[in-house]
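Student: Pasting the sequence and the predicted model now:
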Amino acid sequence: QVQLVESGGGLVQAGGSLRLSCAASARTLARYAMGWFRQAPGKEREFVGGISWSGGAQYYADPVKGRFTISRDNGKNTVSLQMNDLKPEDTAVYYCAAKEWSGVFTRAQQADYWGQGTQVTVSS
């Protein structure tokens, strides 16, 4: 069982930046591919970006390409999502997810574990 805890959400003006972190309870995060998803009110949970278990592969949803960057530190069991040039449409609850021994996964149904989410609100 892996517990994931997100942090770093908050309120920011359009054009600003936030850095989300996801801390894992696993003895080693190294065998898990990690993903970030988000869910806005009244909408389905959608893929934001993902990173393979080794960190060698990353993939981003089109709306965030060039603005968001995922990184991981397997030694510290953490994964981060750096969000720059935020837009009001980025407002959502952001979730990190993990899938064991996998490449990048893009569908929520593929995740084995989820965090509780952290709210990101971008004002115009």
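Tutor: Done, it's in.
Student: residues contacting residue 17?
Tutor: 82, 83, 84, 85, 86 (Cβ atoms under 8 Å, 6 or more residues apart in numbering). For the C-beta atoms, the positions are set from N, CA and C on the backbone; glycine is no exception.
Student: For PyMOL, write a command that selects the buried ones of those residues.
Tutor: A single PyMOL command is used to select the members of these judged buried by 16 or more other Cβ atoms under 10 Å:
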select buried, resi 83+86
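Student: So which of the contacts of residue 17 are in strands?
Tutor: If you go by DSSP state E, these have 82, 83 in strands.
Student: pretty sure residue 25 contacts residue 3?
Tutor: Yes. The criterion here is Cβ atoms under 8 Å, and residue 25 meets it with residue 3 at 4.0 Å.
Student: those strands in this protein, which residues are they?
Tutor: Listed from the start of the chain, the chain has strands (DSSP E) covering 4-7, 10-13, 18-24, 32-39, 46-51, 58-60, 68-73, 78-83, 92-100, 113-114, 118-123.
Student: Distance from the chain centre to the last one, please.
Tutor: Centroid separation for strand 118-123 versus its chain: 14 Å, with Cα atoms, centre = their mean, to the nearest Å.
Student: Next: the first one.
Tutor: For strand 4-7, the distance between its averaged C-alpha position and the chain's averaged C-alpha position is 10 Å (Cα atoms, centre = their mean).
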